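**Student:** Below are the sequence and a predicted model for it; my questions follow.
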Amino acid sequence: MNRLYYGDNLDVLRGEIKDESVDLIYLDPPFNSQATYNVLFKAPSGEQSHAQIEAFEDTWHWGESAEHAFDEVLTSGNTDAAELLRAMRSFLHENDMMAYLAMMAVRLIELRRVLKGSGSLYLHCDPAACHYLKILLDSVFGVANFRNEIIWKRSTAHTDARQGSKHFGRLHDVILFYTVGDNYTWNELYSPLDEKYVRSHYKNIDEKGRAFQWDNLTGPGGAAKGNAFYEVLGVEGYWRYSKEKMERLIAEGRVAIPPNGTTPRYKRFLDESRGTALQSVWDDLQPLNSQARERLGYPTQKPLALMERIISVSSNEGDIVLDPFCGCGTTVHAAQKLDRQWIGIDITHLAISLIEKRLNDAFPGIEYEVHGTPKDLEGARDLAQRDKYQFQWWAVSLVKAVPFAGKKKGADTGIDGLIYFKDFRDGKVTTKKVIVSVKGGENINVAMIRDLAHVVDREKAKMGLFITLSEPTDPMSKEALKEGYFETGSGGKYLKLQIVTIAALLVGKTPDLPPLDATAFAKAATETKQQGTLL
């Protein structure tokens, strides 16, 4: 069964993923992110949403966790990685880059452990850290198992000159490709021949109207390279094919002496060409612009075509693909589309809930398991105690609300989420909102209901929803009822303030709300068929 995991990928790798069980790993770890992101949400009005969530807040700073990661590498048994990391620390000292490399090193060791002998790893990074990551990968996978530094041109033009920067435009990302050994999965892909090349080289037309070019048949290096010496069409020399094969090609009309030529040559037909074998510079895969159909609003979202290419080259149908930093789920989406099994890991409940929505939109009826998210009250209480923000983001996802604000937004506004709905009134359709407040503590009281009512009025919302981990008291329920009802233009009546418990949500109960406005969430297009032959 395909699996999504909430949690630190290091813990998940160690606790849930067996040795040599994965065929392909792709990872795009966050680095040096100073921004807070508008993650997958937009206001129905089209304006920028307030749902600014630090889903990929940069946590790579030197501190206790980085020191612990550094120590784990030193005691991992991988002496090459340990010595390299020690040397890096003596050069970089205790800064953000060193913290990043320590945190990555301990994870790369685990990723190497779970890869099969035929497996491959692709690490996506930017030029700021790729040189450090490459020698780190050399120490974990071995220098001989480096295959490519792939350059992905992610932009057509870019400049920071207006901000005072003095450097060439930064247009590309780097993808480092490593394998476990020499016997790795490889499905060659081809890109179409360049039109200019076709015009200049395939000038000849045979009697059947097929375009072809004359290709060299001589064996470079002569006998020293193992080429046989014999006569072909009256010409003696060293040839790249055996005499038997050469005779067969002559009989098929594939070998002849060109007009005005003196040496036998091979007819290479255009309609038999598979194209040009894929090279290490990928400038044919466009980044996602604001109008892209598949764009979900995620700041670091990669195009499906990029992931489909990697998965198609380095895995086969039924193989297991792992993304330990799965973000908005492009890797698992592409793996599902290409009939691979998959495992996705992310450290935020927000990302996991959004990936679930993406998969359910794109593949109706899809089955997969989600691990690490609360399944019962005990799990919900544990999450609330460990991280109130993760608890809030998880709770609002249960009612399909847009999460509001993040960890660094200053004073509590009383809003943890927003639910949008459409109101049909006087021949017009307007978007209204419900304020969502989440409480994970045991000490809830009637004052919290009054506060929510105040926030509803302040924000000019029409309703309020109070989500609580504890059972509400009778005074709280009575206070909510005092607010009365909201009546839609189509005649629907709904309690203006509603209280719903986590226990009720876990068993499938939903609050009584008007039909929701689906435009609050970006929707992944439904996949109708798998990707065909990739170029």
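**Tutor:** Yep, it's here.

**Student:** quick one: low-confidence parts of the stretch 351-500 of the chain?
**Tutor:** Residue ranges of the stretch 351-500 of the chain with pLDDT under 70: 405-412.

**Student:** Give me the distance between stretch 179-186 and the centre of its chain.
**Tutor:** 23 Å (C-alpha atoms, centre = their mean, to the nearest Å).

**Student:** typed the wrong thing, it's stretch 462-477
**Tutor:** Using C-alpha atoms, centre = their mean, the offset of stretch 462-477 from its chain centre is 37 Å.

**Student:** Extract the C-alpha set from that stretch and format it as CSV.
**Tutor:** Once non-C-alpha atoms are left out, stretch 462-477 reads as follows in CSV (Å, rounded to 0.1, in the frame of the first residue of the first chain):
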residue,chain,number,x,y,z
LYS,A,462,-21.4,35.2,9.1
MET,A,463,-20.6,32.3,11.3
GLY,A,464,-18.1,30.9,13.8
LEU,A,465,-16.9,27.3,14.4
PHE,A,466,-15.3,26.3,17.7
ILE,A,467,-13.2,23.1,17.5
THR,A,468,-12.3,21.6,20.8
LEU,A,469,-10.4,18.6,22.1
SER,A,470,-12.3,18.6,25.3
GLU,A,471,-16.1,18.3,25.7
PRO,A,472,-17.8,21.7,25.9
THR,A,473,-19.6,22.7,29.0
ASP,A,474,-23.4,23.4,29.2
PRO,A,475,-22.8,27.1,29.6
MET,A,476,-20.6,27.1,26.5
SER,A,477,-23.4,25.4,24.4
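
**Student:** What does residue 340 show for phi and psi?
**Tutor:** phi -100, psi 160 (degrees, to the nearest 10).

**Student:** Look up phi and psi at the most centrally placed residue in the chain.
**Tutor:** In the chain, the residue lying closest to the centroid (C-alpha atoms, centre = their mean) is residue 330, at 3.9 Å. The phi and psi values for residue 330, taken as degrees, to the nearest 10, are phi -60, psi -40.

**Student:** next one: residue 495
**Tutor:** Backbone geometry at residue 495, expressed as degrees, to the nearest 10, gives phi -60, psi 130.

**Student:** How about the one 3 residues further on?
**Tutor:** Main-chain dihedrals, residue 498, degrees, to the nearest 10: phi -130, psi 150.

**Student:** Not counting residues beside it along the chain, what's closest to residue 80?
**Tutor:** residue 139 (4.2 Å; C-beta to C-beta, 6 or more residues apart in numbering). Heads up, the C-betas are built off the backbone N, CA and C, glycines and all.

**Student:** that's a helix at that neighbour, yeah?
**Tutor:** Yes. Assigned with DSSP: H, G, I helix; E, B strand; the rest coil, residue 139 falls within a helix.

**Student:** count of residues packed around it?
**Tutor:** Applying other C-beta atoms under 10 Å, we find 20 residues neighbouring residue 139.

**Student:** residue contacts, the residue nearest to the centre of the chain?
**Tutor:** Shown in contact with residue 330 (C-beta atoms under 8 Å, 6 or more residues apart in numbering): 301, 302, 303, 304, 306, 307.

**Student:** If we use 6 Å, what do you get?
**Tutor:** 302, 307 (C-beta atoms under 6 Å, 6 or more residues apart in numbering).

**Student:** quick one: it from residue 241, how far?
**Tutor:** Going from residue 330 to residue 241 by C-beta to C-beta, to the nearest Å gives 45 Å.

**Student:** tell me the contacts of the residue nearest to residue 80?
**Tutor:** Per C-beta under 6 Å, 6+ apart, neighbours of residue 139: 80, 81, 84.

**Student:** quick one: the strands in the stretch 1-150 of the chain?
**Tutor:** Using DSSP state E, counting those that start in this stretch, the strands of the stretch 1-150 of the chain run over 3-6, 22-27, 37-38, 52-53, 115-125, 146-153.

**Student:** Would you format the ones you listed as JSON lines with distance to residue 443, mean pLDDT and mean neighbour count included?
**Tutor:** Formatted as JSON lines, those follow (distance: least, C-beta to C-beta, whole Å; pLDDT from 0 to 100; neighbours: other C-beta atoms under 10 Å):
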{"stretch": "strand 3-6", "distance to residue 443": "27", "mean pLDDT": "95", "mean neighbour count": "23"}
{"stretch": "strand 22-27", "distance to residue 443": "42", "mean pLDDT": "98", "mean neighbour count": "24"}
{"stretch": "strand 37-38", "distance to residue 443": "33", "mean pLDDT": "43", "mean neighbour count": "18"}
{"stretch": "strand 52-53", "distance to residue 443": "27", "mean pLDDT": "46", "mean neighbour count": "22"}
{"stretch": "strand 115-125", "distance to residue 443": "45", "mean pLDDT": "97", "mean neighbour count": "21"}
{"stretch": "strand 146-153", "distance to residue 443": "52", "mean pLDDT": "96", "mean neighbour count": "17"}
